[in-house]
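Undergrad: Here is a sequence together with a model predicted from it:
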Amino acid sequence: MLGRIVKFRRGDKYEDLEGSDDVPQDAGGGRSSETTPSGGHSGSGVLFHRKTDSAAQAAAASVPFVPEPSKETAEDTFTVDHAVDMIGFGWFQLKLSLFTGLVWMADAMEMMILSILGPALHCDWNLPPWQQALLTSVVFGGMMLSSGFWGKISDKYGRRVEMILCSLFTFCYGLLSAFSPNFIWLLILRGLVGFGVGGVPQSITLYAEFLPSATRGKCVVMIELFWAVGTCFIVLIAIFVMPTLGWRYLFGIASLPLLIFFFACFWLPESPRFDIARGQTDRALETLQRIAADNNKAMPLGRLLDIHHESDEPVARGQIRDLFTPELRLTTGLLWFIWLANTFAYYGVVLMTTELFEVGDACHGGTADANGNVEEPPCHLECKSLSMADYTDLLLTTAAEFPGLFITFLIIEWLGRRRTIAVEFLIFALFVYLVNICVTRKVLTFFLFVARAFISGGFQATYVYTPEVYPTTTRAIGLGMCSGMSRIGALITPFVAQVMLRQSVYLGINTYATVSLIAAGFTLLLPIETKGREMKDAGVAKSQSSQSID
């Protein structure tokens, strides 16, 4: 005698497939193993039919077996993306914005000092132009060497750990720079400052991973507001400190925001995305609950899904080779050049502004007397410190970053990341080409103002795009390597802005504009648009990257 288990559900009732209510009792006088009349169900909800003829057995065999849903599959689950989007932007993100902005402000101050330091050391230590350029390049060299290093630390040991080490390292050597006895010591210490500053972009990795997808682009752009504040702040300080106390005190003041950020890092939680990637689901859940409590929002129902450790494949983190998978190979190559061009152009216009004011001819910012004769030093070795007019114009061109931020904020969710970067490269190139025209100092300042506004906006849009395009397990190393490649452009730009410009103003100007045009074309070749796209995790990015290609 064959037995078969069948459960056939119609509405809320279980029915006998044969339509019979005559069910024999077990030999031991136990309960009937079939359904109760009228479709009711007795016992566990599983119907046992004892078939006595082949036709009945065939009828039963034709009905598919439907298993009961297990408790595990029926349980609700949610991902970090779902939780962060549901919790939204609130008080926690506001505090995080303040602390992340603080480290960007410190980074901006350390970088903006480079445009002020050259003329000051020219007077104090009689440095020739090539040594001034070398002092700038060594900072960018340190950044280039360290960017991948800090990225690997961030992907392997955590975003928070990396930021604590980076801020303390940079603060110490930034402060020690103020006590440099000679040029060689200053060169070494500023190179070490550059090594520390190379880790600052990882703050964007940490920041972006706490942001809901609907507001991520605009929030990352607005965090760059602190960069603009930092550049303007150090120029304002220099106006009062440089004529009286000198560059040593300026170094000391510029290092203080990093000390504040170092203590703030102990409040920062680790990224829940990183905790998930390393298998610490409980810690990720605690962080999400903390964010929800700060924002006064409810958590999603169910269990936090750990997509990495439900897979049989081990998850590697911080591997450079993962940047060159078939899905990311083209994106990585194009981004490296775009970052290089962005840094080359941005720091080029920063350094070129003071150089044009210091050594420019009558068409390019030189100071003329009442008869129209340009008052220039008879020799490049003669000291010419920045005047109050120079500081004022430097402050005006630095303030251009604010409208650049505002424009990028408005268009980045409308045009998308790629088109925003390309448009801002094109407008920068146009206004740098206009510097070739013989104009008054006020018109020149306007051209430089607009150029700096759009190149800073393009830089900010690039900072939005890069963390979005890489998955969690390679996000920090991807951003770090892009930042490292960009420092090649920063290494070259002092020799264009501070050396080539003294030989030929037109050659220096056109170099920046042409590189930017090429970068605009490369930006449009990027295969992935990340506007409205969730930040991907390992394994997910590969399967879904094609969905973001337009």
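TA: Sure, I can see it. Keep in mind it's a predicted model, so treat the numbers as computed, not measured.
Undergrad: if I look at the nearest residue to residue 257 once chain neighbours are set aside, how far off is residue 170?
TA: Counting by Cβ to Cβ, 6 or more residues apart in numbering, residue 257 lies nearest to residue 106, which is 3.7 Å off, once chain neighbours are set aside. Yep, even glycine has a C-beta here, placed from its N, CA and C like the rest. Distance, residue 106 to residue 170, using Cβ to Cβ, to the nearest Å: 8 Å.
Undergrad: So which elements touch the host helix or strand of residue 355?
TA: For residue 355, the host element (DSSP states H and E) is helix 329-359. Helix 329-359 is packed against helix 91-124, helix 129-157, helix 388-398, helix 417-434, helix 441-469, helix 472-495, helix 501-503, helix 505-524, with contacts defined by 3 or more Cβ pairs under 8 Å, 6 or more residues apart in numbering; DSSP states H and E.
Undergrad: now with 6 Å?
TA: Applying 3 or more Cβ pairs under 6 Å, 6 or more residues apart in numbering; DSSP states H and E, we find helix 329-359 packed against helix 91-124, helix 441-469, helix 472-495, helix 505-524.
Undergrad: Overlap in contacts, residue 106 and residue 170.
TA: Counting by Cβ atoms under 6 Å, 6 or more residues apart in numbering, the shared contacts of residue 106 and residue 170 are residue 258.
Undergrad: What separation do you get for residue 499 and residue 354?
TA: Residue 499 sits at a distance of 14 Å from residue 354 (criterion: Cβ to Cβ).
Undergrad: Those two - which one has more neighbours?
TA: residue 354 (23 against 17; other Cβ atoms under 10 Å).
Undergrad: now the more buried one: how far from residue 186?
TA: 19 Å.
Undergrad: can you check residue 527 too?
TA: For residue 527, the distance to residue 186 equals 44 Å [Cβ to Cβ].
Undergrad: same check, this time on residue 463
TA: For residue 463, the distance to residue 186 equals 30 Å [Cβ to Cβ].
Undergrad: Likewise for residue 332?
TA: Distance from residue 332 to residue 186, counting by Cβ to Cβ: 35 Å.
Undergrad: for residue 344, same thing?
TA: Applying Cβ to Cβ, the value for residue 344 to residue 186 is 24 Å.
Undergrad: Counting neighbours, go ahead and name the busier of the two.
TA: When residue 344 and residue 186 are compared for neighbours, residue 344 comes out ahead with 26 against 23, by other Cβ under 10 Å.
Undergrad: my read: the more buried one touches residue 494, true?
TA: No: applying Cβ atoms under 6 Å, one finds residue 344 not in contact with residue 494, separated by 10.4 Å.
Undergrad: Now residue 78: phi and psi?
TA: Per-residue torsions, residue 78: phi -150, psi 160 (degrees, to the nearest 10).
Undergrad: Make sure it is actually in contact with residue 301.
TA: No: using Cβ under 6 Å, residue 78 makes no contact with residue 301, being 7.6 Å away.
Undergrad: what about these two, which has more around it?
TA: Neighbour totals were compared for residue 78 and residue 301, and residue 78 leads with 17 against 9 (other Cβ under 10 Å).
Undergrad: roughly how far apart are that one and residue 472?
TA: Counting by Cβ to Cβ, the gap from residue 78 to residue 472 is 16 Å.
Undergrad: How many neighbouring residues does the closest residue to residue 168 other than its chain neighbours have?
TA: In this structure, residue 168 finds its nearest non-sequential neighbour in residue 262, 5.2 Å apart by Cβ to Cβ, 6+ apart. As a burial measure, residue 262 scores 20 neighbours (other Cβ under 10 Å).
Undergrad: how many other residues sit next to the residue lying closest to residue 195 once chain neighbours are set aside?
TA: Excluding the flanking residues, the one nearest residue 195 by Cβ to Cβ, 6+ apart is residue 142, at 3.9 Å. Burial measure for residue 142: 22 neighbouring residues, criterion other Cβ under 10 Å.
Undergrad: low pLDDT regions in the stretch 301-450 of the chain?
TA: Scanning the stretch 301-450 of the chain for pLDDT under 70 picks out 306-318, 357-387.
Undergrad: which ones are touching residue 342?
TA: Residue 342 neighbours (Cβ under 6 Å, 6+ apart): 459, 462.
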